[in-house]
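> Just a sequence and a predicted model for now, questions to come.
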Amino acid sequence: MDIPNIHSYIVTIKDDTSFIDKKIPDLKFPGDLPYTIIQGINGSKLSSQDYIDLDIAKDPNWKVSEGDLDLIQPDWWEHEVYDGELGCAISHVKAWETAYKDGHDYALILEDDFKYKSQTPWEEVFKIIPNFDLTYLGRVKIHKEKEETPIPNHPNWVDPVYSFNASSYILSKQALKILVEQYVPIFRHNLITPDEFLNIADRKTDRIDILKKYQHLPPLSVVAPLIEYIGQSSTGEGVIVTKPEIYNDDETWNKKYLSPFLFSINYPYIIEELSQEIYTHPLFTPQFCTELLKVSTNEPWLLTDNYLVQSLDKLGLNKLVNKVIEDYLLELWSNVWNLESYDVNWETTKSYIILSNPNSPIGGLQHDNCDIKLEIKLNEYELGNKIFPKYKFITPSLNVGDALVYPGNVTHKCGYRPSPTQICNLVSYVNIKY
């Protein structure tokens, strides 16, 4: 068997890479497989200055609203690019650039959590790769119902439809030249998950809007196996991109992030009136508050009126908060307001995180432009209470995760008292359909 000039580039964000030596034999490569470890980028640890130094940026058009595009699984795109996805993408770029500079005929790109699934027919692979720019060794077919065109004389290989999995693939020297010289200058400033990017490079993506940035560039020719030879470990850490747990809207979410009082037999009575139509009640756990603040750094904050604002819609969490309002709070609030005969206008019900500078006011006295204002305390701070001058009332200090709720519009003009420490609250503007 003639072995081509192939070199592997293994991407990892781990400091200790000794485990990779033990995994290489799993590939059952004929002979010695030379490899280079690519120290990847941990996207969650990048500062704003790092973005400048690395000359990188997330694709600003990645997030789409449900229904905007005919997508196979819309929730994949209902958030901005995650820090982890950015880190994964720029790590793959680093591998391509290194491989291109090294000048080998072929580069086997692996993420460090690669996993043996089935014996790779290396002799057949060596016959196939001269005819294609990109050769997958494992992938997940997204459009399972679509037929794929077989490759002549290679019955287990096809021209793939839309597929994900960038954990094991081979790039030719020509592909590396095209990617590094033509695609990467655009991609660096429009980073998305490499799984999607590779589909853009071979014109198989569902994201036609993103493809337009690259439409003028030469597409890559791609081949993929019907059998998954090299997959991805479900327990590997390396450059796997996972959503933070706060995004996982499953059966455990409510128990983890909502106050247990919302599930108690005393649920109708947990709402307490502090002053005229100004109420408080438990809502979120401290863990929710901590994790929300952590993911809030994934996107740039907007500076306005001496304080910072972060949109939950931009973070991809507005729907989750609206679901909590719908499932738990409307019934609770109906104990004090007649809401049974009204529907919430979910399109205009939005939530934001506000973050003050110490000793700085958050705006001035104002009427909130909504029917019901909901505020949740996200951190411990001194003073920072809410003032309602008309009712000569200052709110007491609440527990982290507790809610303050009151009518918006014209009846409850209010403002914050400055705090010597940073104030961080989640605020929701709830509107009713009349």
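Cool, got the structure.
> For the closest residue to His154 other than its chain neighbours, the count of nearby residues, please.
Nearest residue to His154, sequence neighbours excluded (Cβ to Cβ, 6 or more residues apart in numbering): Ile128, at 6.1 Å. Placement of C-beta: from N, CA and C, glycine included. Applying other Cβ atoms under 10 Å, we find 18 other residues in the vicinity of Ile128.
> and Ile128, what does it touch?
By Cβ atoms under 8 Å, 6 or more residues apart in numbering, Ile128 lies in contact with Thr135, Ile151, His154, Trp157, Val223.
> If the third one is in a bridge, with which residues?
I take that to be His154. Legend: beta-bridge partners of His154 under DSSP bridges are Ile151.
> Distance check, Glu291 against Glu78.
Distance from Glu291 to Glu78, counting by Cβ to Cβ, to the nearest Å: 18 Å.
> So, low pLDDT: which residues of the stretch 1-150 of the chain?
Under the criterion pLDDT under 70, the flagged ranges of the stretch 1-150 of the chain are 65-76.
> For the protein, give the helix that spans the most residues.
Looking only at the chain and at elements set by DSSP state H, the helix with the highest residue count is helix 83-102.
> Check the offset of that one from the chain's centre.
What separates the centre of helix 83-102 from the centre of its chain is 19 Å, taken as Cα atoms, centre = their mean, to the nearest Å.
> Could you list every helix and strand that that helix packs against?
strand 6-12, strand 35-39, strand 106-111, helix 173-178, helix 184-187, helix 194-201 (3 or more Cβ pairs under 8 Å, 6 or more residues apart in numbering; DSSP states H and E).
> isn't Asn190 right next to Val81, touching?
No - counting by Cβ atoms under 8 Å, Asn190 stays clear of Val81, with 9.2 Å between them.
> any common contacting residues for the two?
With contacts taken as Cβ under 8 Å, 6+ apart, Asn190 and Val81 have Lys58, Asp59 as neighbours in common.
> export the helices and strands packed on helix 83-102 to TSV and tack on mean neighbour count and distance to Leu54?
Rendered in TSV, the data for the helices and strands packed on helix 83-102 read as follows (neighbours: other Cβ atoms under 10 Å; distance: least, Cβ to Cβ, whole Å):
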stretch	mean neighbour count	distance to Leu54
strand 6-12	21	16
strand 35-39	17	13
strand 106-111	25	20
helix 173-178	19	20
helix 184-187	16	12
helix 194-201	24	16
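> And these: which comes nearest Asn165?
Ranking these by their distance to Asn165 (criterion: Cβ to Cβ) puts helix 194-201 first, at 6.4 Å.
> what's the angle between the closest one and strand 106-111?
With axes from the mean of the first three to the mean of the last three Cα atoms, to 10 degrees as the basis, helix 194-201 and strand 106-111 are set at 140 degrees to each other.
> Show the low-confidence segments of the stretch 301-434 of the chain, by residue range.
By pLDDT under 70, the weakly predicted segments of the stretch 301-434 of the chain are 305, 361, 384.
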